[in-house]
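*Asks:* Have a look at this prediction, sequence included:
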Amino acid sequence: MDNWFIVLNVFILLALIGLLIYMQKKHVAFSKRVFSGMGLGILLGIMLQVAYGEGSDVVTGTLDWYGIVGSGYVRFLMLIVVPLVMVSIIRAIINLNETKQLGKMTAWIIGMLISTTLIAAAVGIGSSLLFDLNAEQIEAGQEETERGISMEESFASMEEETTPQRIINFIPNNIFLDMTGERSTSVIAVVIFSVLVGIATLGVRRKQTEQAELFTKMVNAVFAIVMRLVTLILRLTPFGVLALMTNMVASTNFAGIIQLGKFVIASYVALIAMFIIHMLIVSGFGLNPITFVKKAIPVLGFAFTSRSSAGAIPLNVATQKNALGVEDGAANMSASFGATMGQNACAGIYPAMLAVMIAPTVDIDPLSIAFIVQLVLITAISSFGVAGVGGGATFAAIIVLSSMGLPIALAGLLITVEPLIDMGRTAINVNGSMLSGTVSSKALGTLDESIYSDKNAVVENSGI
């Protein structure tokens, strides 16, 4: 009998995908289709929970089939990350007039990512103090205890690796290995290799013009094909968002969320505050923040549902270039760096909030100026090297808590609300990377403000 219910649920998903295809044929805007997919996913996820119950065999079997659409879409996106980043950055550097422009652009992007993470840590501290969060108020069940033990084991495996050593891991020693995405720092390694190839091409152009021009033509040809591939895959975004959101809602432990509701609310207050700060920074550089938000909505919607900063790279790059007027190099570097370092929410807000919550359990005053200053600085520094140990909020928390001398296992208490909070964290991370690319281009005078201001210049102009 369960199999028949699973078949019925699969047909419901196919019917909703058919509705989104109909909207596409009627030329409904890409952003509206993305958010329609998100809304339908929420409704379908709730329906599955109400009808069959969380964790039932029917829900598990249904979500397994839904994963073909949701997880399959994310896999397609991950497939094009390496060729997109590599070809785009090589092409962008080849088009630079001077290599010193590259240094300025890189410095601005990394500087923005790290400085906004420092601000994010302060926001996380403020939210924890505002809501008076304390780890002693949370009861630990078997699942939370197991998560805490797992985090301690993870720390034991990375305890001897310092932040400088994690940063060294960014440098590739086998580019073919990194092109497979085998390491957590593979994306940055590909960026570094691509930069070196671009710089080498500029050097060859001065002495062997013919060879350089031949290579440039090859890069331009591959770039055109890769961008067409990106367009084809991004057309699947509304369907992917529908399936991902359904899976998220249908598998969410709402009882656990209610129990930890105070932490969830405090987290989203911090995330919203950081988003407002992002918009103030955009405004401070003389750009309209409302325009930025309207054009960033599709990529933020995908980031929210997928919980994957790396998976959002193709849509992130397309949005920056086609909708915000950011030039090739800055768009690709900010999207790539932002997925693996300086993540405002995962490496800034989250570990700072945990530290403030856990401090009272070991008789440390979280209101102490010395504690706050130390926490902000450690969080900002750690965010630069977190990708070297796998990336993500969990590893960022391990690094910060261990550096502050706080018990790591207590961070496992929040496992039941991790997915819900991680959705908002990923959206803020991606927004921070888009912010760094946009304001860096503006500061360096390479931003095409006519595209930024053009209401018709949106990501769907790329043929999505």
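*Replies:* In hand now; what should we look at?
*Asks:* the bottom helix or strand of this protein by mean pLDDT?
*Replies:* For the chain, counting by mean pLDDT, DSSP states H and E, helix 142-158 ranks last in confidence among helices and strands (a mean of 50).
*Asks:* gap between the lengthiest helix in the chain and the chain center?
*Replies:* Using DSSP state H to define each element, the chain has its longest helix at helix 57-94. On the basis of CA atoms, centre = their mean, to the nearest Å, helix 57-94 sits 13 Å off its chain's mean C-alpha point.
*Asks:* what about Leu133, is that helix, strand or coil?
*Replies:* When classified by DSSP: H, G, I helix; E, B strand; the rest coil, Leu133 comes out as coil.
*Asks:* So it is in contact with Phe263, correct?
*Replies:* Yes - under the criterion of CB atoms under 8 Å, Leu133 makes contact with Phe263 at 6.1 Å. C-betas here are computed from N, CA, C, even on glycine.
*Asks:* quick one, which of those two is more surrounded?
*Replies:* Phe263 (24 against 21; other CB atoms under 10 Å).
*Asks:* list the helices and strands the helix or strand encompassing that one packs on?
*Replies:* Assigned by DSSP states H and E, Phe263 belongs to helix 261-284. Judged by 3 or more CB pairs under 8 Å, 6 or more residues apart in numbering; DSSP states H and E, helix 261-284 is in contact with helix 99-130, helix 289-306, helix 350-358, helix 418-444.
*Asks:* now the angle from the longest one to helix 261-284?
*Replies:* Right, the one you point to is helix 99-130. 140 degrees (axes from the mean of the first three to the mean of the last three CA atoms, to 10 degrees).
*Asks:* From Gly61, how far off is Gly37?
*Replies:* Distance, Gly37 to Gly61, by CB to CB, to the nearest Å: 22 Å.
*Asks:* Just list the residues touching the closest residue to Ile372 other than its chain neighbours, thanks.
*Replies:* Leaving aside its sequence neighbours, Ile372 sits nearest to Ile125 (CB to CB, 6 or more residues apart in numbering; 5.9 Å). Applying CB atoms under 8 Å, 6 or more residues apart in numbering, we find Ile125 in contact with Ala352, Met353, Ala355, Val356, Pro366, Ile372, Leu375, Val376.
*Asks:* can you rerun that using 10 Å?
*Replies:* Counting by CB atoms under 10 Å, 6 or more residues apart in numbering, Ile125 makes contact with 270, 349, 352-353, 355-356, 366-367, 371-372, 375-376, 379.
*Asks:* would TSV of these with distance to Tyr52 and neighbour count be doable?
*Replies:* Conversion of the contacts of Ile125 to TSV gives the following (distance: CB to CB, whole Å; neighbours: other CB atoms under 10 Å):
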residue	distance to Tyr52	neighbour count
Ala270	34	29
Ile349	35	35
Ala352	39	30
Met353	34	27
Ala355	39	28
Val356	39	27
Pro366	43	19
Leu367	47	11
Phe371	47	17
Ile372	47	20
Leu375	44	25
Val376	46	20
Thr379	41	30
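*Asks:* returning to that earlier point: so the longest helix of the chain versus helix 289-306, what angle?
*Replies:* 130 degrees.
*Asks:* What mean pLDDT does helix 57-94 get?
*Replies:* Helix 57-94 shows a mean pLDDT of 87 in the predicted model.
*Asks:* in that helix, what counts as buried?
*Replies:* 58-59, 61-63, 66, 69-71, 73-74, 76-77, 80-94 (16 or more other CB atoms under 10 Å).
*Asks:* element containing Arg398, please.
*Replies:* Not quite, residue 398 is Ile, not Arg. For Ile398, the element it lies in under DSSP H and E is helix 393-403.
*Asks:* Give the other helices and strands that that helix contacts.
*Replies:* In terms of contacts (3 or more CB pairs under 10 Å, 6 or more residues apart in numbering; DSSP states H and E), helix 393-403 is packed against helix 142-158, helix 163-168, helix 350-358, helix 369-385, helix 418-444.
*Asks:* After the second one, which helix or strand is next?
*Replies:* So that's helix 163-168. Sequence order places helix 175-179 as the next helix or strand after helix 163-168, per DSSP H and E.
*Asks:* Quick check: which ranges of this structure have low pLDDT?
*Replies:* Residue ranges of the chain with pLDDT under 70: 1, 96-100, 136-163, 165-166, 184-185, 254-259, 384-392, 409-417, 459-464.
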